[in-house]
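**Student:** here are the coordinates; sequence isn't available:
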């Protein structure tokens with residue numbers, strides 16, 4: 001992201017003017033392109049709003065941009081006196097296509113966190129940098145010899161990595177599988193994308209939890225799927241609701257996050273897990289189990305996965321290193337019947353010819369390291385300590401204005417605000433005070449819920465962030 005140089009002799013507003021002029025000249029900002037509001041651009045560039053106002057005034061005076069009340073500022077339809085008859089209307093292209101953009105709240109959160117490093121980020125589900133196994137990875141890269149072929153890899157993924165994952169899943173979760181039934185992906189979301197694109201068709205009905213992280217992913221709507229909800233209770237969904245949805249809508253697939261569910265933190269009881277599997281087997285519909293948080297269990301007693309109980313081959317199991325090791329490695333996996341793995345491998349090869357062999361090799365070495373189990377133990381301790389800091393701050397600062405049930409694993413606290421609230425206003429008030437969170441409506445819940453993540457903030461930031469959130473709540 002370009003930013004003006006404060007040490008340069010040229011005034012900041014002139015640097016902004018010249019930067020936008022270059023974008024227009026080189027067609028990076030075609031005619032009709034909408035520019036950020038004065039406030040947003042000031043936030044992005046780290047300057048006073050008055051500086052951006054001055055820059056926009058000069059650009060308007062030169063005829064390069066035009067502003068309309070209610071529509072904002074955009075690049076003029078003529079530039080430098082030349083009619084743009086031969087320039088494509090990029091706005092129509094960017095507003096078209098079948099793949100929908102992220103939800104507005106999520107775009108706003110990402111915009112703020114991208115350009116303001118000082119903001120306390122309680123929206124992200126990514127671990128803070130001090131929780132990554134940097135020391136282990138550095139040792140691997142420094143001491144171990146990389147002798148692998150640097151060409152395209154097996155479409156299913158690097159074989160030694162699949163073998164290492166087979167061993168870890170058996171060791172940690174008593175989940176029995178084989179390397180032939182596993183596909184390496186670039187994370188859980190790529191697994192979900194492949195499933196929605198390759199195993200389902202437009203118009204198909206699917207069931208998801210309510211609320212659910214899945215609801216925040218427009219890829220389901222982009223695939224033309226009809227979404228029906230399974231309300232989440234204190235011990236997860238009611239399995240009988242699956243039968244009701246099947247009778248009423250002929251659902252073809254069920255998407256569940258049974259352990260430390262995102263965003264609520266609930267865990268589906270073992271009794272319910274067995275009932276879900278029995279119902280799915282009777283109806284002959286697959287279950288997609290997204291399981292990113294099981295290893296974060298603070299007690300070290302990892303909850304049972306649906307896949308480890310699956311005797312009928314109906315569960316497609318999704319896992320990832322993003323929430324337990326390193327999101328930047330972009331390593332996820334999908335365990336499925338061989339025919340499904342073959343179908344999704346073929347599709348993935350059309351997309352990117354497979355993942356980086358270097359990242360996969362590093363992940364395999366990390367999993368094989370004796371230090372990895374120690375890393376997981378330390379991660380659990382750190383996450384539990386962060387959660388305690390958040391719970392103490394919430395209890396002390398907000399008292400009876402908010403209610404929550406703390407989970408014993410995962411990365412989030414799901415909170416209910418005990419009075420009527422406008423999600424959008426609360427988020428903007430929080431941003432003004434230097435903290436972001438995810439409004440519950442992003443996950444399909446009724447307004448008045450928020451997801452606060454303790455994964456990303458540093459321990460010393462948590463109480464400050466909750467205090468800022470409380471102030472925002474007071475003003476909303």
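**Tutor:** Structure received. A quick note: this is a predicted structure, and the numbers were derived from the prediction, not measured.
**Student:** packing partners for the lengthiest helix in the chain?
**Tutor:** In the chain, assigned by DSSP state H, the helix with the most residues is helix 371-398. Judged by 3 or more C-beta pairs under 8 Å, 6 or more residues apart in numbering; DSSP states H and E, helix 371-398 is in contact with helix 134-143, strand 402-404, strand 412-417, helix 459-475. The C-beta positions use only the backbone N, C-alpha and C, and glycine is treated the same way.
**Student:** Next, the contact list for the residue lying closest to residue 56 once chain neighbours are set aside, please.
**Tutor:** Excluding the flanking residues, the one nearest residue 56 by C-beta to C-beta, 6 or more residues apart in numbering is residue 73, at 5.9 Å. Contacts for residue 73 (C-beta atoms under 8 Å, 6 or more residues apart in numbering) come out as 34, 35, 37, 38, 56, 60, 65, 66, 67.
**Student:** hey, what's residue 73 bridged with?
**Tutor:** residue 67 (DSSP bridges).
**Student:** In terms of residue numbering, what are the domains of this structure?
**Tutor:** Under the assignment automatic domain parsing, the domains of the chain span 12-96, 106-126+374-475, 144-369.
**Student:** so where is the protein shaky, pLDDT-wise?
**Tutor:** 78-92, 95 (pLDDT under 70).
**Student:** which parts of the strand ranked longest in it are buried?
**Tutor:** For the chain, the strand with the greatest residue count under DSSP state E is strand 226-233. For strand 226-233, the neighbour count (16 or more other C-beta atoms under 10 Å) marks 227, 228, 229, 230, 232 as buried.
**Student:** can you redo the residues you listed as JSON lines with distance to residue 422?
**Tutor:** As requested, the buried residues of strand 226-233 are exported to JSON lines (distance: C-beta to C-beta, whole Å):
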{"residue": "227", "distance to residue 422": "25"}
{"residue": "228", "distance to residue 422": "27"}
{"residue": "229", "distance to residue 422": "23"}
{"residue": "230", "distance to residue 422": "27"}
{"residue": "232", "distance to residue 422": "24"}
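**Student:** nearest to residue 126, of those?
**Tutor:** For the buried residues of strand 226-233, the residue nearest residue 126 by C-beta to C-beta is residue 232; the value is 23.2 Å.
**Student:** that older thread, closest one to residue 2 among the domains of the chain?
**Tutor:** Per C-beta to C-beta, nearest to residue 2 of the domains of the chain: domain 12-96, 5.8 Å.
**Student:** how far does that closest one stretch from start to finish?
**Tutor:** 36 Å (C-alpha to C-alpha, to the nearest Å).
**Student:** what helix or strand does the most centrally placed residue in the chain sit in?
**Tutor:** Centre of the chain computed as the mean C-alpha position; nearest residue by C-alpha atoms, centre = their mean is residue 125, 6.7 Å away. Using DSSP states H and E, residue 125 is not contained in any helix or strand.
**Student:** May I have the phi/psi pair for it?
**Tutor:** phi -90, psi 10 (degrees, to the nearest 10).
**Student:** so what's it up against?
**Tutor:** Per C-beta under 8 Å, 6+ apart, neighbours of residue 125: 262, 323, 411, 412, 453, 455, 456.
**Student:** Go again with 7 Å.
**Tutor:** By C-beta atoms under 7 Å, 6 or more residues apart in numbering, the contact set of residue 125 is 323, 411, 453, 455.
**Student:** Grab the two from those that are most spread out in space.
**Tutor:** 323 and 453 (10.7 Å).
**Student:** Make a markdown table out of the contacts of residue 125 and add distance to residue 317 and secondary structure.
**Tutor:** Below are these laid out as a markdown table (distance: C-beta to C-beta, whole Å; DSSP: H, G, I helix; E, B strand; the rest coil):
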| residue | distance to residue 317 | secondary structure |
| --- | --- | --- |
| 323 | 15 | coil |
| 411 | 20 | coil |
| 453 | 24 | strand |
| 455 | 23 | coil |
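**Student:** List buried residues within the residues you listed.
**Tutor:** 323, 411, 453, 455.
**Student:** wait, which of the contacts of residue 125 is closest to residue 428?
**Tutor:** Of all the contacts of residue 125, residue 453 has the smallest distance to residue 428: 19.0 Å, by C-beta to C-beta.
**Student:** Buried residues, stretch 52-59. List them.
**Tutor:** Buried residues in stretch 52-59 (16+ other C-beta under 10 Å): 52, 54, 55, 56, 58, 59.
**Student:** from the residues you listed, which ones fall inside strands?
**Tutor:** Per DSSP E, the buried residues of stretch 52-59 never map to strands.
**Student:** Please produce JSON lines containing those, extended by distance to residue 10.
**Tutor:** Conversion of the buried residues of stretch 52-59 to JSON lines gives the following (distance: C-beta to C-beta, whole Å):
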{"residue": "52", "distance to residue 10": "16"}
{"residue": "54", "distance to residue 10": "13"}
{"residue": "55", "distance to residue 10": "12"}
{"residue": "56", "distance to residue 10": "17"}
{"residue": "58", "distance to residue 10": "13"}
{"residue": "59", "distance to residue 10": "16"}
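**Student:** Out of those, flag the one nearest to residue 471.
**Tutor:** residue 52 (26.3 Å).
**Student:** Correct me if wrong: that closest one contacts residue 41.
**Tutor:** Yes. Contact status for residue 52 versus residue 41: in contact at 4.9 Å, counting by C-beta atoms under 7 Å.
**Student:** Serialize the domains of the chain to a markdown table and add fields for distance to residue 133.
**Tutor:** Below are these laid out as a markdown table (distance: least, C-beta to C-beta, whole Å):
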| stretch | distance to residue 133 |
| --- | --- |
| domain 12-96 | 32 |
| domain 106-126+374-475 | 5 |
| domain 144-369 | 6 |
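**Student:** of all these, which lies closest to residue 3?
**Tutor:** Checked against C-beta to C-beta, the stretch from these lying closest is domain 12-96, at 5.5 Å.
**Student:** Centre of the chain to that closest one, how far?
**Tutor:** Its chain's C-alpha centre and that of domain 12-96 lie 30 Å apart, by C-alpha atoms, centre = their mean, to the nearest Å.
**Student:** Pull the residues that contact stretch 366-377.
**Tutor:** By C-beta under 7 Å, 6+ apart, the surrounding residues in contact with stretch 366-377 are 133, 136, 137, 140, 164, 165, 168, 295, 324, 325.
**Student:** Would you mind listing the two of these that lie farthest apart?
**Tutor:** The widest separation within the contacts of stretch 366-377 (C-beta to C-beta) is 19.7 Å, between 140 and 295.
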